[in-house]
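**Student:** A structural model of the following input is requested.
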Amino acid sequence: MPTEPSGQKPSAASGRASPAADSTMLPVQVRLACPHCGSKLFGVAEATPRHVGCPRCKGAVEIPSLGALAAARAQQAAATPATAAPAPEPRSELIPVVCRLCKTRMYAQPAQVGQRLRCPDCYTETLVERPKERRRVERAPVDAYTLAGDGPRPPEQLLAMPCPLCHTRLHFPVSAAGSTATCPDCGRSFTVPQPRVLQRRAQPDLVAGEYGVGEAPSRAPATQPILREHRPAAAVDEASEPRWTFFSGVFTFPFRGAAALRWFYLSAGLLVVGQLVGLIAGLWLKAAEGNSIGGVAMAFPAIALLWVSLLTFSFGASCFLSIVQETAAGADDVESWADLDWRLWVLPLVYVAFAGLCGAALGYGAGRLIGGYIEVAVAAGIALLGPLVLVSTLETGSPLNPVSLPVWASLLRRWWAWLLYYLLSGVVVALAVAVYGGLMGVVGLQLAGLLGAPVAAAAWFIVARLLGRLVWRASWENLPDEPDEDA
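**Tutor:** Predicted structure coming up:
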């Protein structure tokens, strides 16, 4: 064993702790009281005692060492007699009680039977009842059980049916069919019906490896471009060619077949729009004269005018595109009308509105260049460029793409067809404006709107028919030659 070097005292005899003790004893925070003023202080006890100054009276306060604190705690623990904790009362002797209001689970002493126990949550008193005695089930000895046979037991067949009153799903054995049963929920008595016998479908006699194949489903034809030079030659029938392209079946088109019903709908919408515009104009004049009631009342018909105009113009655009596309395909009567669903009218309105805006922008620019007549220039731009842009957007399949080489090239190759369209459409629009102006001068503004709405709707349908015949004629002679079937 190693011996202690001579001339060195043991660490226990000295007044300081050994390095081993310093490394194992960590500083501890202690609570002290100043012996001079009684202030409560906190200090950190270390391996050696030290003194600190009281922040209140500036007196010296001694912080004992860790060893002194450990010795004081051991002495205090030896002086205090150890008392055994009371044994908890067995849980099995407590009586469970459920609050009759908030359903809180409580426990009562057997001596509280017959008394009322107050709930700690809702303060409702609940009577403590004597617990019921539990029956002890006597189990049969092991030798009393016998094993079933080894053969499979058939499953018990059940009859499922709903209660005729509360529709609770019930199950009965098949042997109970015809007897009277009672629903356990509503107490309704009913007769258990007989089980239904399911008949299996006759399976076709198929040999392994062979399968029955039905007829192929019919598919709708794909959407075709509006110009015929981009469609197969078989899509056009020469027998369906009208005698007079811009006259046969054009001016009577709004009043025959399914077109007459759409013409009536559009006329009714334009009539309502005209009446609302007249009402708002009258209220505007009253508001301009200083009548505040007219200005407030003008907001209600303005909202109605917004919605009615949107529905009317979108419906009119949908009818316009249907007439143009069907007529350009060579059809004499339009069959593929848009459904009476306003959500399907939004895209046609975008087509027509974009074409009109392009024409209006060109006319406005031309009017600014010539230094006047901007309104006339805008109307001329819409009438001249609008149809060309509309046919181009339909050809490209995009409402925002007005550049179509076949359509723009038809201006040079079929210039006479475009010229005849512009002349006839201009005459139709001029006649509609003249009729409306004459009616307004004879019968007044209100009756002129009533009679002018059908005229405007008819002019709209005739212009669409003329544009469809223009495209039909412009693309008729541009079809490729049909291949020889004998080749």
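**Student:** what sits against Gly38?
**Tutor:** With contacts defined as CB atoms under 8 Å, 6 or more residues apart in numbering, Gly38 has no neighbours. For every residue, glycine as well, the C-beta is placed using N, CA and C.
**Student:** 10 Å - rerun?
**Tutor:** 54, 56-57 (CB atoms under 10 Å, 6 or more residues apart in numbering).
**Student:** out of these, which is most surrounded?
**Tutor:** Of all these, the most densely surrounded is Cys54 (18 neighbours; neighbours counted as other CB atoms under 10 Å).
**Student:** hmm, it is touching Ile63, no?
**Tutor:** No: using CB atoms under 10 Å, Cys54 is not in contact with Ile63; the gap is 11.8 Å.
**Student:** and the least confident of the contacts of Gly38?
**Tutor:** For the contacts of Gly38, the minimum pLDDT belongs to Arg56; the value there is 82.
**Student:** pick the one among the contacts of Gly38 closest to Arg413.
**Tutor:** Arg56 (111.0 Å; CB to CB).
**Student:** surely that closest one touches Cys34?
**Tutor:** Yes: if you go by CB under 10 Å, Arg56 and Cys34 touch, sitting 7.0 Å apart.
**Student:** what's the neighbour count on Gly53?
**Tutor:** So Gly53, with other CB under 10 Å, has 11 neighbours.
**Student:** can you tell me the closest non-neighbouring residue to it?
**Tutor:** Leaving out its chain neighbours, the residue that sits closest to Gly53 by CB to CB, 6 or more residues apart in numbering is Ala60, at 6.5 Å.
**Student:** beta partners for Ala108?
**Tutor:** Ile95 (DSSP bridges).
**Student:** how many residues are close by it?
**Tutor:** With other CB under 10 Å as criterion, Ala108 counts 18.
**Student:** quick one: pLDDT of it?
**Tutor:** Per-residue confidence (pLDDT) for Ala108: 88.
**Student:** any weak-confidence spans in the chain?
**Tutor:** 1-25, 80-92, 134-156, 197-241, 290-296, 444-446, 449, 476-487 (pLDDT under 70).
**Student:** what segments of the stretch 251-400 of the chain are strands?
**Tutor:** Read by DSSP state E, counting those that start in this stretch, the stretch 251-400 of the chain holds no strands at all.
**Student:** that older thread, now, among the contacts of Gly38, which is nearest to Pro406?
**Tutor:** The closest of the contacts of Gly38, once distances to Pro406 are taken by CB to CB, is Arg56, at 103.0 Å.
**Student:** quick one, what contacts that closest one?
**Tutor:** Contacts of Arg56 (CB under 10 Å, 6+ apart): 34, 36-39, 41.
**Student:** for those residues, work out which two are farthest apart.
**Tutor:** Longest span within the contacts of Arg56, CB to CB: His36 and Leu41, 11.3 Å.
**Student:** quick one: common contacting residues for those two?
**Tutor:** Common neighbours of His36 and Leu41 (CB under 10 Å, 6+ apart) are 54, 56, 61.
**Student:** of the contacts of Gly38, just say which sits nearest to Gly452.
**Tutor:** Once CB to CB is applied, the member of those that ends up nearest Gly452 is Arg56, at 102.4 Å.
**Student:** mind checking the SS state of the closest one?
**Tutor:** coil (DSSP: H, G, I helix; E, B strand; the rest coil).
**Student:** quick check: it vs Leu41, distance?
**Tutor:** 9 Å (CB to CB, to the nearest Å).
**Student:** now list whatever residues contact both of these two.
**Tutor:** With CB under 10 Å, 6+ apart, Arg56 and Leu41 have common neighbours Cys34.
**Student:** sorry, back to before: what count of nearby residues applies to the residue nearest to Gly53?
**Tutor:** 12.
**Student:** my guess is it contacts Leu32. True?
**Tutor:** No: using CB under 10 Å as the test, Ala60 is too far from Leu32 to be in contact (11.8 Å).
**Student:** give the residues shared as contacts by the two.
**Tutor:** With CB under 10 Å, 6+ apart, Ala60 and Leu32 have common neighbours 52, 54.
**Student:** how close does Val324 sit to Val403?
**Tutor:** Val324 sits 19 Å away from Val403, going by CB to CB.
**Student:** again with Leu285
**Tutor:** For Leu285, the distance to Val403 equals 46 Å [CB to CB].
**Student:** what does Gly367 give?
**Tutor:** From Gly367 to Val403 the distance is 24 Å (CB to CB).
**Student:** looking at those two, which is more packed in?
**Tutor:** Neighbour count, other CB under 10 Å: between Gly367 and Val403, Gly367 has more, with 18 against 12.
**Student:** residue contacts, that one?
**Tutor:** 373-378, 380-381.
**Student:** quick one, helices of the stretch 51-200 of the chain?
**Tutor:** Using DSSP state H, counting those that start in this stretch, the helices of the stretch 51-200 of the chain run over 66-79.
**Student:** for Val443, the count of nearby residues, please.
**Tutor:** 13.
**Student:** three-state assignment of the nearest residue to it once chain neighbours are set aside?
**Tutor:** Nearest non-adjacent residue to Val443, counting by CB to CB, 6+ apart: Leu451, 7.3 Å away. For Leu451, the assignment made with three-state DSSP gives helix.
**Student:** what about Leu451, distance to Val174?
**Tutor:** Leu451 is 79 Å from Val174, by CB to CB.
**Student:** so for those two, which residue has more residues nearby?
**Tutor:** Per other CB under 10 Å, whichever of Leu451 and Val174 has more neighbours is Leu451, with 15 against 12.
**Student:** check contacts around the more buried one.
**Tutor:** Neighbours of Leu451 in contact, by CB under 10 Å, 6+ apart: 271, 435-436, 439-440, 442-443.
**Student:** repeat that for Ala383.
**Tutor:** Counted by CB under 10 Å, 6+ apart, Ala383 has contacts 356, 359, 363, 422, 425-426, 429, 463.
**Student:** can you redo these as CSV with distance to Leu349 and neighbour count?
**Tutor:** Formatted as CSV, the contacts of Ala383 follow (distance: CB to CB, whole Å; neighbours: other CB atoms under 10 Å):
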residue, distance to Leu349, neighbour count
Gly356, 10, 19
Gly359, 16, 23
Gly363, 21, 24
Tyr422, 24, 15
Ser425, 20, 21
Gly426, 24, 13
Val429, 20, 17
Val463, 17, 23
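**Student:** which of those sit farthest apart?
**Tutor:** Farthest pair in the contacts of Ala383, by CB to CB: Gly363 and Val463, 17.8 Å.
**Student:** how about stretch 180-188: buried residues?
**Tutor:** Cys183 (16 or more other CB atoms under 10 Å).
**Student:** my read: Leu411 touches Trp418, true?
**Tutor:** Yes: the pair Leu411 / Trp418 is scored as a contact, 5.8 Å apart, by CB under 10 Å.
**Student:** most centrally placed residue in this structure?
**Tutor:** What sits nearest the mean C-alpha location of the chain, by CA atoms, centre = their mean, is Arg343, with 16.9 Å.
**Student:** what's the distance between that one and Leu311?
**Tutor:** 11 Å.
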